[in-house]
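[1] got a predicted structure here, sequence first:
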Amino acid sequence: MSERTVVLAGSPNVGKSTVFNELTGMHRHTGNWIGKTVDTKASHFYYKFNDYSVTDLPGTYSLFAVSDEEAVASDYLKNNAPDCIVCVVDSTLLERSLPLVFQLFSLSRSVVVLLNLSDEAEKKGIYVDEKRLSALLGVPVVKSTARSGRGLNNLLETIHLVTTGALKPTPVTVSEAESFSTAEKIAGLVVSKSKPQTRSVLDRILLGKATSFISMSLIFALLLWITISLSNYPSELLKSAFDSLETLLAEYMGRVGISEEIISFVVFGVLRVLFWVVSVMLPPMAIFFPLFALLEDFGLLPRIAFNLDYCFEKCGACGKQSLCTCMGLGCNAVGVTGARIIDTKRERLVAILTNSLTPCNGRFPILIAIITMFFSKNSFVSAALLLAFILLSLCGTMLASKVLSVTVLKGKPSSFVMELPPFRRPQFFKTVSLSIRKKVLLVLFRAVVVAAPAGLVIWLLANVYVGGSSLLLHLAGALDGVGRALGMDGVILLAFILGFPANEIVLPVALMTYLSSGTLSELSDSGSLMQILAENGWTVKTAVCTCVFTLFHFPCSTTLLTVLRETKSVKWTLLSVITPLSLGVIMCLVLNFLL
C-alpha cells in the first residue's frame with residue numbers, strides 16, 4: 001500500500017490546524033489568532049484502505065515570503081510535490097484568500113479548495129456558491145466547519161478521488177499581475193450577503209480609544225481574581241493530603257528499620273519540596289491555563305496585541321512582539337519560540353531578549369503567595385495588585401525594548417498588518433482538556449522533575465556543616481550584603497539562584513534556608529509561612545522588592561536553552577540574562593532607597 005501525501009496550506013487563522021487535528025486525530029494546540037503555527041506538523045490518516053501523510057504548514061498570505069513562517073510554507077511547497085494540496089480558505093473572506101489559491105495553481109494541478117468556517121459565514125449572512133466557484137476555478141471546492149467536523153467526510157472523499165486520479169482538476173491560469181482583480185471578480189460572482197457587515201458591539205468596546213485598555217484590564221483582573229479565589233481551597237486540601245502521606249511514609253520507614261537521617265533526607269527533604277511545589281502550583285495552573293486558553297480561543301488575545309501595537313512601535317519594536325508577550329504569560333519559552341512570526345532579525349531579537357520580563361505562570365504562585373501574606377487576603381484586592389505587577393512587567397518590557405532598539409539593536413520598527421479574527425465560541429471541553437494535558441501537566445511535570453533533585457541539593461547543603469554552620473547558610477551569608485542592598489537578603493538571592501531550573505521552587509528554597517533544617521516543617525497555612533518570613537526580617541519593603549525581582553531576573557533554564565536554540569548565539573543568550581537582571585537590580589536598588 002503506497003503512501004499518498006497531502007499538504008494543508010492557507011492564510012493565518014483559517015483553521016488549518018483544526019482541520020489537521022480532525023483528519024489525524026491529534027491534539028495540536030490551535031488558537032484564534034495569527035502566528036500560532038510557526039513550523040510544520042506531519043501525521044497520518046487512513047481512508048478507504050489508503051495511507052495518507054498530511055502536513056500542516058504555517059499560515060501564509062503569499063508564496064513570496066516576507067517572514068520566517070511564510071518562508072517555511074513557501075519553501076516546502078516549492079521543494080516538494082505532494083499528491084494533493086488542500087488550500088484552506090476563510091468562507092467569510094473569500095476575496096482575500098483567492099490570490100494564494102491562484103499561486104498554488106502554478107505549483108500543482110492537484111489542488112482542493114476547502115471553504116472553512118462556513119458556520120461563521122452563515123451567521124454573518126454570507127453565502128458562497130461552492131459549485132459555481134468550483135466551475136470558475138477548475139478545481140474541487142468543499143464547504144466545511146472543521147471545529148464541528150462538518151464537511152470533512154466530503155473532504156476525505158475529494159482527496160481520495162484527486163490522489164487516485166479518479167478526479168483530475170484543471171485549474172485556471174491567472175497571471176500574478178491580475179490575481180487581485182480576478183479574485184475580486186470571482187468573489188463578486190459567487191458570494192452573496194444578506195446582512196450588513198458591521199463591527200460588533202464587543203469590538204467597539206475592546207478596541208475603542210477610550211475603553212480598550214480599561215476593558216482589557218478589567219478582563220485580566222477578573223481572570224486573576226478567579227484564579228486566586230478558587231485556588232486556595234484545593235491547595236489546602238492537597239497540602240493536608242500530602243502532610244498525611246508524609247506522616248505515613250515516615251512511620252512506615254521507621255518501622256522497617258530505616259535510619260532517621262535517610263527518613264529526613266527522603267521524606268522531609270526531597271518529597272516535602274516536591275509536595276509543596278505540587279500543592280502550590282497545581283491549583284492556580286489548573287485554573288489559569290484553561291481560562292487563558294478559552295480567552296485565546298474566543299479571540300481576545302489578538303485584540304490585546306492590537307491595542308499594544310502602537311505602544312511597542314513607539315518603543316522601536318514590532319507590533320507582533322505584543323503577541324509574543326501574550327504567549328509569555330503562559331510560558332516564556334513559548335513566547336521566545338513565538339518570536340519566529342516577527343519578520344526582521346533585529347525586531348525578533350528584541351522580542352526574544354525581553355520576553356522573560358513577562359511573568360510566566362511559574363512565577364504567579366510566588367507573587368500570589370507574597371501578595372496574600374503581606375498586602376491583602378481579600379481576593380479582589382489581591383487580583384488588583386497582581387494585575388498591577390503584570391502591568392509593571394509590561395512597562396519594563398517596553399522600556400527594555402526601547403533601550404535595546406537605540407543601543408545594540410538599532411533600527412526602525414517595521415510595519416505590522418494584523419488580521420483580527422472574528423469572535424468564536426470557545427470549544428469549552430476540548431480547549432480545557434487540551435490545556436490541562438498540554439500545559440498544566442507538562443509544566444507541573446517539569447517542576448516536579450526539578451523539585452526532586454532540588455530538594456536533594458538543598459537537603460545536602462542544609463545538612464553538611466562547615467565551621468558550625470551549614471553550607472546553605474554560608475552561601476546565603478556570602479550573598480547577604482548584595483541582598484540587603486536590593487531590599488532583600490542573601491537567602492532570597494540564593495533561592496533565586498538555586499531556583500534557576502524552575503521559578504516554582506524559589507519560595508520553598510527560601511523557606512528551607514530560613515528554617516536551616518533542610519525541611520519544610522510546621523507550614524500548615526499562609527499564616528505560618530508569613531510568621532517564618534517575618535521572624536527572618538521580612539517587611540513590606542522586602543515583599544515589594546521580592547515581587548519586583550520575581551518579575552525582573554534571569555530566565556529559567558528552559559527559557560534560556562530556548563533562547564540559545566532560537567538565536568544560535570552565546571552573545572544574545574547572555575544578553576537575555578543581563579537585560580531583565582539589570583532592570584531588576586536597578587529597580588530594587590531604587591525601591592530600597594525610597595521605601
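    Thanks, I have the structure now. Everything quoted here is computed from the prediction, not taken from an experiment. Numbers count the residues shown, from 1 in each chain.
[2] how many neighbours does E535 have?
    Look at E535: counted by other C-beta atoms under 10 Å, it has 9 neighbours. All C-beta atoms are positioned from the backbone trio N, CA, C, and that covers glycine.
[3] any idea which element N153 lies in?
    Element membership of N153, judged by DSSP states H and E, is helix 152-164.
[4] that helix: which residues count as buried?
    Residues of helix 152-164 classed as buried by neighbour count (16 or more other C-beta atoms under 10 Å): L152, L155, L156, T158, I159, H160, L161, V162, T163.
[5] list just the nearest of those to P421.
    Proximity of those to P421 (C-beta to C-beta) peaks at L152, which lies at 20.8 Å.
[6] that closest one reaches K143, doesn't it?
    No: contact criterion C-beta atoms under 8 Å: L152 and K143 do not qualify, at 10.5 Å.
[7] phi and psi next, for V174.
    In terms of degrees, to the nearest 10, the main-chain angles of V174 are phi -130, psi 120.
[8] how about L386: what's its closest non-neighbour residue?
    The shortest distance from L386 to any non-neighbouring residue, by C-beta to C-beta, 6 or more residues apart in numbering, is to L224 (4.9 Å).
[9] the one you found against A388, yeah?
    No: look at L224 against A388 with C-beta under 8 Å: they stay out of range, at 10.3 Å.
[10] when those two are compared, which one has more neighbours?
    Counting neighbours by other C-beta under 10 Å for L224 and for A388 shows that L224 has the greater number, 26 against 14.
[11] measure the nearest residue to K48 once chain neighbours are set aside to N153 for me?
    Sequence neighbours aside, H160 is the residue nearest to K48 in space, at 5.8 Å (criterion: C-beta to C-beta, 6+ apart). As judged by C-beta to C-beta, to the nearest Å, H160 and N153 stand 11 Å apart.
[12] what sits against I492?
    I492 is in contact with G483, A510, T542, T546, F549, counting by C-beta atoms under 8 Å, 6 or more residues apart in numbering.
[13] state the pLDDT value of the first one.
    What the model reports for G483 is a pLDDT of 95.
[14] isn't it right up against A495?
    No: under the criterion of C-beta under 8 Å, G483 makes no contact with A495, lying 10.1 Å away.
[15] got TSV for the buried residues of helix 152-164, with distance to K131 too?
    Listed next are those as TSV, based on distance: C-beta to C-beta, whole Å:
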residue	distance to K131
L152	19
L155	16
L156	19
T158	13
I159	19
H160	20
L161	16
V162	17
T163	22
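[16] just name the closest of those to T40, please.
    Nearest to T40 among the buried residues of helix 152-164 is I159, at 18.3 Å by C-beta to C-beta.
[17] for the residue nearest to L386, give me its contacts.
    Contacts for L224 were tallied using C-beta under 8 Å, 6+ apart; they are A383, L386, L387, I390.
[18] and which of those residues is nearest N80?
    Ranked by distance to N80 (C-beta to C-beta), the contacts of L224 are led by I390 at 43.3 Å.
[19] for that closest one, which non-adjacent residue is closest in space?
    I390 sits nearest to P359 (C-beta to C-beta, 6+ apart), 6.3 Å away.
[20] so the one you found: helix, strand or coil?
    When classified by DSSP: H, G, I helix; E, B strand; the rest coil, P359 comes out as coil.
[21] residues contacting it?
    P359 sits next to L329, L367, F389, I390, S393, T550, L551 when contact means C-beta under 8 Å, 6+ apart.
[22] what's the farthest-apart pair in those?
    Largest separation among those by C-beta to C-beta: L329 and T550, giving 14.3 Å.
[23] next one: P290 relative to V491, how far apart?
    Using C-beta to C-beta, one obtains 35 Å as the distance from P290 to V491.
[24] which one of these two has more residues nearby?
    Neighbours were counted for P290 and for V491 using other C-beta under 10 Å; V491 has more, 26 against 20.
[25] look up how far N536 lies from the more buried one.
    Here the criterion is C-beta to C-beta. By it, V491 lies 7 Å from N536.
[26] anything in contact with each of those two?
    Common neighbours of V491 and N536 (C-beta under 8 Å, 6+ apart) are Y514.
[27] mean confidence for the helix or strand where L282 lies?
    For L282, the element it lies in under DSSP H and E is helix 272-298. Helix 272-298 shows a mean pLDDT of 78.
[28] what is that helix packed up against?
    Applying 3 or more C-beta pairs under 8 Å, 6 or more residues apart in numbering; DSSP states H and E, one finds that helix 272-298 contacts helix 212-255, helix 364-374, helix 428-435, helix 441-463, helix 506-515.
[29] point out where the stretch 151-300 of the chain drops to low pLDDT.
    For the stretch 151-300 of the chain, applying pLDDT under 70 flags the ranges 196-199, 281.
[30] what is the burial count for the closest residue to S557 other than its chain neighbours?
    Sequence neighbours aside, P501 is the residue nearest to S557 in space, at 4.9 Å (criterion: C-beta to C-beta, 6+ apart). Counted with other C-beta under 10 Å, residues neighbouring P501 total 18.
[31] again with the one 4 residues further on
    Neighbours of I505 under the rule other C-beta under 10 Å: 28.
[32] likewise the one 10 residues further on?
    Residues within reach of L515, counting by other C-beta under 10 Å, total 16.
[33] okay, the contacts of P359 in TSV with distance to K41 and neighbour count next?
    Formatted as TSV, the contacts of P359 follow (distance: C-beta to C-beta, whole Å; neighbours: other C-beta atoms under 10 Å):
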residue	distance to K41	neighbour count
L329	24	22
L367	34	20
F389	35	21
I390	31	19
S393	31	24
T550	35	22
L551	34	24
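[34] give me the element the residue nearest to S557 is part of.
    Per DSSP H and E, there is no helix or strand for P501.
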